[in-house]
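Peer 1: sequence and predicted structure below; questions after.
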Amino acid sequence: MSDLPGDKRIVTPPMLGDKISLSLGHTSTFVFIGTKAEILEWFRTVGPTKIVQAILFHDRPGTKPLDIVFDLLPYPNPDLTWMQYYQSFYHSDPTLERYRLELRPEQPKIDAEIEPLYRMYAKSGVCLGDMADALEKKWSQPSTKSYLDMAKELFMERDEAAEHAKEMAETTKKLDEERREVDLEDIVVSVPTERK
């Protein structure tokens with residue numbers, strides 16, 4: 001394998017079992033780093049045998065099972081030349097753009113603080129191989145946060161902005177649960193869509 005920027009590398013942890021268990025807490029995340037194509041390739045090749053589940057160390061009576069959050073965040077690519085870096089402001093090159101995909105249990109308080117490019121919710125126990133098509137479809141759409149929402153939060157106080165972000169996340173999830181995709185209904189709980 002060469003050291004060229006964008007060169008494909010798929011690395012699977014050597015001791016990774018068939019179940020990826022995530023618990024509540026700030027540190028319980030499973031992370032993928034790479035281009036969108038590399039992440040989707042991992043999901044399609046290695047993912048069909050991997051299940052992600054949210055676990056609790058104590059019973060919470062009267063509550064529903066936790067969902068798994070899939071957040072796609074930008075990730076800096078240190079391999080870019082200065083020319084490629086400046087060109088990225090004008091022209092997108094999917095072979096060079098790197099991302100960080102985080103999988104973690106749903107926690108509304110923490111989720112409100114994170115501003116991903118794309119967010120999806122899946123049921124606990126989902127097979128990663130089944131998520132590849134849903135993620136690819138979602139990533140081909142415009143990102144979840146509109147410029148209007150970003151401008152509003154820019155001029156708000158910190159507490160107001162956090163509250164606004166939390167309200168928007170709750171509203172988006174509620175709307176997405178109503179507009180669930182029929183073919184992915186058993187897998188995907190909600191897919192945030194473009195706000196109008």
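Peer 2: Cool, the structure landed. Computed from a predicted model, the values in this text were never measured in an experiment.

Peer 1: every contact and neighbour count from this point should use C-alpha atoms.
Peer 2: Will do.

Peer 1: give me the below-cutoff pLDDT ranges for the chain.
Peer 2: In the predicted model of the chain, residues 1-12, 25-27, 57-65, 89, 91-92, 143-159, 161, 172, 175-196 satisfy pLDDT under 70.

Peer 1: repeat that with 50
Peer 2: 1-7, 180-185, 192, 194-196 (pLDDT under 50).

Peer 1: quick check: the gap between Ile110 and Leu103.
Peer 2: Going from Ile110 to Leu103 by CA to CA, to the nearest Å gives 13 Å.

Peer 1: looking at the two, which one has more neighbours?
Peer 2: Leu103 (22 against 11; other CA atoms under 10 Å).

Peer 1: quick one: the more buried one is in a helix?
Peer 2: No. Applying DSSP: H, G, I helix; E, B strand; the rest coil, one finds Leu103 to be strand, outside a helix.

Peer 1: just to check, Pro116 is in contact with Tyr75?
Peer 2: No. Assessed by CA atoms under 8 Å, Pro116 is found out of contact with Tyr75, at 11.1 Å.

Peer 1: neighbour-wise, which of those two wins?
Peer 2: Set Pro116 next to Tyr75 and count neighbours by other CA under 10 Å: Pro116 wins out with 18 against 14.

Peer 1: what about that one, which helix or strand?
Peer 2: Of the helices and strands defined by DSSP states H and E, none includes Pro116.

Peer 1: out of everything not next to it in sequence, what's closest to it?
Peer 2: Excluding its sequence neighbours, the residue lying closest to Pro116 (CA to CA, 6 or more residues apart in numbering) is Leu73, at 5.0 Å.

Peer 1: tell me, how many residues neighbour that neighbour?
Peer 2: 17.

Peer 1: and it, what does it touch?
Peer 2: Shown in contact with Leu73 (CA atoms under 8 Å, 6 or more residues apart in numbering): Tyr99, Arg100, Leu101, Glu102, Glu115, Pro116, Leu117, Tyr118.

Peer 1: do that again at 7 Å, thanks
Peer 2: Residues near Leu73 by CA atoms under 7 Å, 6 or more residues apart in numbering: Tyr99, Arg100, Leu101, Pro116, Leu117.

Peer 1: what does Gln53 give?
Peer 2: Neighbouring residues of Gln53 by CA under 7 Å, 6+ apart: Ile20, Ser21, Leu22, Ser124, Gly125.

Peer 1: and Phe43, helix, strand or coil?
Peer 2: Applying three-state DSSP to Phe43 yields a three-state assignment of helix.

Peer 1: do you know how far it is from Ile51?
Peer 2: Separation of Phe43 from Ile51 (CA to CA) stands at 11 Å.
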